[in-house]
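Colleague: The following block contains a protein sequence and its predicted model.
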Amino acid sequence: MIIYPFLLLFIIATYPLFRTRTLLKTKTVIEKNRFYTLIITFVLTVIAGLRGLSVGIDTYNYYYSFISRSYLSFSDIFIGVTKEYGYRLFEFSVNLLFSNFQILLIIVALLYVGAVSYNIYKHSSIPFLSYIYFIGFGFYTFGMTATRQTIAIALILIAFQYIYKKQLIKFLLIVGLASTFHVTALVFLPSYWFNKFKLNKRSVLFLAVIVLGFLIFKDKLRELLLYYSGVDYGSSETGGNRFYFLLIFSLLIGIIYRKPFLEKSENNKYLFFMIIAATIIIPMTQFHPAVMRLSFYYSIFLILYIPNILNAINDRIIRLIGNYGYVLASLYMFFSNTISSSNLESYTFFWQQ
């Protein structure tokens, strides 16, 4: 378990080193956060990509899938596959080119961490806090337990850029591609039109009706979502009720400080709607770990939302309390629940097994 405290300390300790615009010795002028995000991306990718098969609930399952299909021809790889052709093609390609499952894990880790880091670099007002929440809320270690959905979430994070750029075709193409890895990525489709909503009494009432409808039909919806989320993998936790309470609390802060938050950046409104969407989706999952994964397409934006909403608060004391409070809450959830539920306690590199 020592690897995780090391990661967190490294993220915190290295951030002040890259706050200046001039890199020592070379005197190269760079944007202050770019080199920092590259360093953290490299470290996180190495740890996730070079993990042993015992790290993560489903790593063994994906390994056996990789090995069992290593002798198949291209014409055979889609036999028995009714959806999510993208992963089969990806798996086949890595098998054909490298014949090494570890390469697959490295590619997935680089894609996922790279997509997260790009969004942190572009949209987070306090990058090191975003990385702490990325680990603390269990999103990083989730990438070690569910390979197909990890790829899908990475693609969704890329698609997010085309929402605020208002490029619908590119958005649809990438979400469509993500659904070929995990069909549940289609739940992200409505996000393109979220900015059409205005937060007033009428829209709040509309959202309340939607939540009520989800609660009434939650059993039927849960069965449907559980079917499409894929029951062939294990359950991993990210906090359940505690995480949802934190999500609701964060949304309330956003409502209270909505004006300064939205004035800080035009893109903050998209983060705001992502948190609203996650808040709506989670109740209908009944906090079932496998189905709660559906909310990850939206709730992962919490790692950007929290630093930005707190940075919009002018009162220094409130901002300081908020930052410390969120960090402690995320670390408590991670060390008390996420690690043990996802088979991550004893981290080993692949050469140690």
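Modeller: Structure's in. What do you need? Numbering: from 1, shown residues only.

Colleague: ok, now which ones touch the spatially most central residue of the chain?
Modeller: Nearest to the mean C-alpha position of the chain, by C-alpha atoms, centre = their mean, lies residue 300 at 4.0 Å. Residues counted as contacts of residue 300 (C-beta atoms under 8 Å, 6 or more residues apart in numbering) are 116, 139, 153, 157. For every residue, glycine as well, the C-beta is placed using N, CA and C.

Colleague: and the first one, what helix or strand is that in?
Modeller: Residue 116 belongs to helix 101-123 when assigned by DSSP states H and E.

Colleague: Now do that helix: distance to the chain's middle.
Modeller: With C-alpha atoms, centre = their mean, to the nearest Å as the basis, helix 101-123 stands 10 Å off its chain's centre.

Colleague: Now the closest residue to residue 50 other than its chain neighbours. Its backbone dihedrals?
Modeller: Of all residues not flanking residue 50 in the chain, residue 349 sits nearest, at 5.1 Å (C-beta to C-beta, 6 or more residues apart in numbering). Here is the backbone geometry of residue 349 (degrees, to the nearest 10): phi -80, psi 160.

Colleague: and the gap between residue 349 and residue 54?
Modeller: In this view, residue 349 and residue 54 are 11 Å apart by C-beta to C-beta, to the nearest Å.

Colleague: how deep is residue 294 tucked in, by neighbour count?
Modeller: Number of residues near residue 294 (other C-beta atoms under 10 Å) recorded here: 25.

Colleague: One more: residue 81?
Modeller: Counted with other C-beta under 10 Å, the neighbours of residue 81 add up to 11.

Colleague: do the same with residue 209
Modeller: 10.

Colleague: next one: residue 283
Modeller: Residue 283: 15 surrounding residues under other C-beta under 10 Å.

Colleague: what does residue 281 give?
Modeller: Neighbour count of residue 281, defined by other C-beta under 10 Å: 22.

Colleague: swap in residue 85?
Modeller: Counted with other C-beta under 10 Å, residue 85 comes out at 14.

Colleague: ok, it - contacts?
Modeller: Counting by C-beta under 8 Å, 6+ apart, residue 85 makes contact with 78, 180.

Colleague: picking that back up, next, format the contacts of residue 300 as JSON lines and append secondary structure.
Modeller: What follows is the contacts of residue 300, written out as JSON lines (DSSP: H, G, I helix; E, B strand; the rest coil):
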{"residue": "116", "secondary structure": "helix"}
{"residue": "139", "secondary structure": "helix"}
{"residue": "153", "secondary structure": "helix"}
{"residue": "157", "secondary structure": "helix"}
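
Colleague: Among the residues you listed, the buried ones, what's the PyMOL command?
Modeller: The following PyMOL line selects those of the contacts of residue 300 that are buried, judged by 16 or more other C-beta atoms under 10 Å:
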select buried, resi 116+139+153+157
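
Colleague: any weak-confidence spans in this protein?
Modeller: Within the chain, the stretches with pLDDT under 70 are 1, 19-32, 199-201, 204, 208, 211, 214-215, 218-240, 284-291, 341-343.

Colleague: Sort out which residues of the helix holding residue 116 are buried, please.
Modeller: Residues 101-102, 104-121, 123 are the ones in helix 101-123 that count as buried (16+ other C-beta under 10 Å).

Colleague: Equivalent analysis for stretch 87-96, please.
Modeller: Buried residues in stretch 87-96, counted by 16+ other C-beta under 10 Å: 87-92, 94-95.

Colleague: possible to save those as TSV with distance to residue 46 and secondary structure?
Modeller: Below are the buried residues of stretch 87-96 laid out as TSV (distance: C-beta to C-beta, whole Å; DSSP: H, G, I helix; E, B strand; the rest coil):
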residue	distance to residue 46	secondary structure
87	23	helix
88	27	helix
89	26	helix
90	21	helix
91	22	helix
92	26	helix
94	18	helix
95	23	helix
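
Colleague: of those residues, closest to residue 245?
Modeller: residue 87 (33.8 Å; C-beta to C-beta).
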